[in-house]
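Chemist: just to be clear, the model below is a prediction. Sequence and coordinates:
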Amino acid sequence: MVNGQDRTDSDGKTIHIPPQINALNSSTDMVLVSAGGTDLGFSRVIISCLAESGKGPVAETGSRTCRQDYVKNGHDELDRRITDVVGPALDALYGQISARAPHARKFAYDYPDLFPDRANTPAAGCYAFTTTGTGDLKETDMPFTDEDVVYLHQVQDKLNGLIKREAEKYGFTLLPASSRSQARTACSAAPHWVNGLNALGAPDRNGEAFHPTRVGIAHYVDVFKYATKKN
């Protein structure tokens, strides 16, 4: 919130922040940020990991899992991106916000889990893919190999850990959208807080693919309300 005006940007990509940064000043009373996932290229990662079954192969490359495409010879490309791309981007973003709005209350969201942890993964796995002939997929569709569900959950954990560290470094209050979300992925029983694949790129009745559902948005609001009462 800048001088009573909403300057929200839904893109989530830190390199698209100049107009918002320019709106900040010493009179700004509150800044609310959710950023990092687009810098990682997570949407593209998800598309590259779509699989033909829970055991593979990955549709785009034919590899048994997309982890094999991203982790080679002990080098994890997504781990590198988190460290070398997202880290500096968040450092610059939070630093600029702190410098331009020195008196503002600053809050930073992490991300709700898109993929469950092991404790909340069904014994049969998460794989689900609905073909209706109309392109209308279910909100709970999760066309990923069993191994990649584990891998992508770990990647997101690393991203959230980075967000937490950078937020604390610059005096932001962390808004843990990840809190209790492991049991509320599209792989879980309803109500889930984030969609699965549904219709990529198409308007949806309950949010976009791998974005919060209405219930998930309510969770975001609850997390914010709790944090602002404490701070």
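Modeler: Yes, it's here.
Chemist: and the closest residue to S181 other than its chain neighbours, what does it touch?
Modeler: Among residues not flanking S181 along the chain, P112 sits closest, at 3.9 Å (Cβ to Cβ, 6 or more residues apart in numbering). No exception for glycine: its C-beta is placed from N, CA and C like everyone else's. Each residue near P112 by Cβ atoms under 8 Å, 6 or more residues apart in numbering is listed here: 177-178, 181, 184, 193-194, 212, 216, 219.
Chemist: let's see it at 6 Å
Modeler: Applying Cβ atoms under 6 Å, 6 or more residues apart in numbering to P112 gives the contacts 177-178, 181, 193-194.
Chemist: got phi/psi on it?
Modeler: phi -70, psi 150 (degrees, to the nearest 10).
Chemist: how near is it to V58?
Modeler: Going from P112 to V58 by Cβ to Cβ, to the nearest Å gives 24 Å.
Chemist: and the nearest residue to A59 once chain neighbours are set aside, what's its pLDDT?
Modeler: Take A59 and drop its neighbours on the chain: the residue closest to it by Cβ to Cβ, 6+ apart is L50, 5.0 Å away. Per-residue confidence (pLDDT) for L50: 95.
Chemist: cool, and G201?
Modeler: pLDDT at G201 comes out at 46.
Chemist: just the one 4 residues further on next, same as before
Modeler: Among the per-residue scores, R205 shows a pLDDT of 55.
Chemist: so where's the protein shaky on pLDDT?
Modeler: Low-confidence segments of the chain (pLDDT under 70): 1-19, 131-137, 199-207, 231.
Chemist: let's see it at 80
Modeler: 1-20, 130-139, 190, 198-207, 230-231 (pLDDT under 80).
Chemist: how about the most centrally placed residue in it, phi and psi?
Modeler: Closest to where the C-alpha atoms of the chain average out (Cα atoms, centre = their mean) is Y111, at 4.3 Å. For Y111, the backbone dihedrals (degrees, to the nearest 10) come out as phi -110, psi 140.
Chemist: likewise L114?
Modeler: The phi/psi pair for L114 (degrees, to the nearest 10) is phi -90, psi -30.
Chemist: and the gap between it and I163?
Modeler: Counting by Cβ to Cβ, the gap from L114 to I163 is 15 Å.
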